[in-house]
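Visitor: Show me the folded form of this:
(one chain, ligands or ions: 1)
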Amino acid sequence: MYRRPRRNRKSEAIRNLVQETSVGVEDLIFPLFLVSGEKKKIPVDSMPGIFRFSIDQMLFEIEECLKLGIQSFDVFPAYPEELKDPFAKESYNPETFYLKGLREIKKRFPEVCLMSDVAMDPYSSDGHDGIVQNGKILNDETLEVLAKMSLAQADAGVDILGPSDMMDGRVGFIREELDQHGFTDVSIMSYTAKYASAFYGPFRDALDSAPKFGDKKTYQMNPANSKEALIEADLDMEEGADFLMVKPALSYLDVIKLLNDNYPLPVAAYNVSGEYSMVKASSARGWIDEDRAMMEILTSIKRAGAKIILTYFAKDFAKTLR
Ligand code: PBG
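Guide: Numbering: from 1, shown residues only. Model (predicted):
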C-alpha cells in the first residue's frame, strides 16, 4: 500500500492544509423580513431564531450583524391583506413601508450591500408572482408591474435587485427600464433556476404569501429538470444579469455546479427557509448537532460552486467564528 489517503487526515493541522473549500462570512447574504409599524420583533414560528422586524428594530438587527461581519442583506416585506390587490399596486407606491424601509437602511448604513425582492406575491391578493386572469398567470403584462417595482426599489437606493418571479424576459425588461432611467449601476441577481419547491413553506408563513389557488408550477421549474436551467442561464446572460442564482440549494447542488461550470458569472445559491427549519427542528429534538449540520450544509453549497449563499444561518454562522 503506497497510497494511504488517511495520511492527509492525520492531524487537525494537516486537515486544514488540505481543505479545499471554506465558507467565510463575506460569502453570505442574510434575508430579513420587514413589517410596517414600529417596535415590532415578531418571531416566525416555523423558523426559530428568525423574526419579522419593523424598520426601527431592523436597523438594530443590521447594526448587530455588521459587528459580526455580515455586510449584505436581502429584505422581504410582509404586507397585511388589506394592502393587497390583483395588480400589486402597493409595490410601487413611494410611500409604502417597504420602500421607505429600504431608503432608511441605505441612509443609515450606506456601506451595506442591500438587495431587494422583485415579484408580485407579497402584494398580490392572489398570492402569485404574476397577474392572474382566469386562473392563468400572465407573463408580459406582469413585466410592466415588475419594471415599476424595480424602478421604485432602485430609486430607494438598493444595490442589487432580485427578480424572484420567474416570468420570461424579465431580466432584460428590467435592465432596459433601469438604464433608461439612469440606474445603470443597479445590479440584477436573477433567480435563474428557481424550482417549484416544497422547501418554501416556512417563508410563505413568514410573509403570509402562499398562493390562494393552485401552485407555481407554470412559472417555477420542475425539480426533475436540469437542462432547462441552462436555457434560463443563457437568457439571463444575454439579458444582462450580474449574478445567476439557484434556488433552493440543497436538492440542487448539481444545478449549482452545472451553472458554475458553464457560465463566467458568479453563482449564488439560496439556502431556503425549509432547509433552515429542518435543521432547527431536528436539533431542537436533540436529533442532530445544529452547528455541525449548518457548517456541512454551507460548505457543500460552496463546494458545489456557489460563491454567494443567501442563508438564514448567516448570523448563527458569524457567531461561531467569534
Ligand atoms: C417569492 C419568493 C419565495 C421565496 C423567495 N421569494 C417563495 C415562493 O416562490 O413562493 C422563498 C424563500 C425561502 O423559502 O426562504 N417571490
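
Visitor: which residues sit in contact with the residue of the stretch 1-150 of the chain found nearest the ligand?
Guide: Closest contact between the stretch 1-150 of the chain and the ligand, by Cβ to the nearest ligand atom, is at residue 119 (3.4 Å). From N, CA and C alone the C-beta is placed, and that goes for glycine too. For residue 119, the contacting residues are 129, 146, 163, 164, 165, by Cβ atoms under 8 Å, 6 or more residues apart in numbering.

Visitor: I'd assumed residue 188 was in contact with the third one.
Guide: Right, residue 163. Yes: checked against Cβ atoms under 8 Å, the pair residue 163 and residue 188 is within contact range at 6.8 Å.

Visitor: Overlap in contacts, these two.
Guide: By Cβ under 8 Å, 6+ apart, the residues touching both residue 163 and residue 188 are 171, 174.

Visitor: Who has more neighbours out of these two?
Guide: Legend: neighbour count by other Cβ atoms under 10 Å for residue 163 and residue 188, higher for residue 163 (27 against 22).

Visitor: Which phi and psi values does that one adopt?
Guide: For residue 163, the backbone dihedrals are phi -70, psi 110 (criterion: degrees, to the nearest 10).

Visitor: Just to be sure, residue 287 is in a strand?
Guide: No: with DSSP: H, G, I helix; E, B strand; the rest coil as the criterion, residue 287 is coil rather than part of a strand.

Visitor: Offset the numbering so it begins at 21, please.
Guide: Taking 21 as the first residue, the last one we looked at is residue 307.

Visitor: Now do it against the ligand, distance only.
Guide: 22 Å (Cβ to the nearest ligand atom, to the nearest Å).

Visitor: Counting neighbours, what do you get for that residue?
Guide: Using other Cβ under 10 Å, residue 307 is surrounded by 9 other residues.

Visitor: now do the one 4 residues further on
Guide: Counted with other Cβ under 10 Å, the burial measure for residue 311 works out to 15 neighbours.

Visitor: re earlier: quick check: the residue lying closest to the residue of the stretch 21-170 of the chain closest to the ligand once chain neighbours are set aside vs the ligand, distance?
Guide: Leaving aside its sequence neighbours, residue 139 sits nearest to residue 185 (Cβ to Cβ, 6 or more residues apart in numbering; 3.9 Å). Plainly put, residue 185 is 6 Å away from the ligand if you go by Cβ to the nearest ligand atom.

Visitor: Now do the helices in the chain.
Guide: Listed from the start of the chain, the chain has helices (DSSP state H) covering 32-38, 75-87, 117-128, 160-175, 190-200, 221-227, 247-259, 273-282, 293-304, 310-324, 334-340.

Visitor: among these, which is nearest residue 68?
Guide: helix 293-304 (4.5 Å; Cβ to Cβ).

Visitor: tilt between the closest one and helix 310-324?
Guide: Going by axes from the mean of the first three to the mean of the last three Cα atoms, to 10 degrees, helix 293-304 is angled at 150 degrees with respect to helix 310-324.

Visitor: Which pLDDT value belongs to residue 47?
Guide: You'll see residue 47 listed with a pLDDT of 98.

Visitor: okay, now it: neighbour count?
Guide: A total of 19 residues lie near residue 47 under the criterion other Cβ under 10 Å.

Visitor: Residue 210 now?
Guide: 30.

Visitor: give the contact list for it.
Guide: 182, 183, 191, 256, 261, 263, 264, 265.

Visitor: Give me the nearest residue to the fifth one, chain neighbours excluded.
Guide: If I follow you right, that is residue 261. That would be residue 210: by Cβ to Cβ, 6+ apart, it lies 4.0 Å from residue 261.

Visitor: For that neighbour, list each beta-bridge partner.
Guide: residue 264 (DSSP bridges).

Visitor: And for the one 4 residues further on?
Guide: Each beta-bridge partner of residue 214 is listed here, defined by DSSP bridges: residue 267.

Visitor: Let me know the pLDDT of it.
Guide: Reading off the model, residue 214 has pLDDT 97.

Visitor: packing partners for the helix or strand bottoming out on mean pLDDT in the chain?
Guide: Sorting the helices and strands of the chain by mean pLDDT, DSSP states H and E puts helix 221-227 at the bottom, at a mean of 90. Where contact means 3 or more Cβ pairs under 8 Å, 6 or more residues apart in numbering; DSSP states H and E, helix 221-227 is packed against strand 92-97, helix 293-304.

Visitor: any idea how far residue 339 is from residue 84?
Guide: Residue 84 is 10 Å from residue 339, where distance means Cβ to Cβ, to the nearest Å.

Visitor: Same check on residue 143?
Guide: For residue 143, the distance to residue 339 (Cβ to Cβ) stands at 34 Å.
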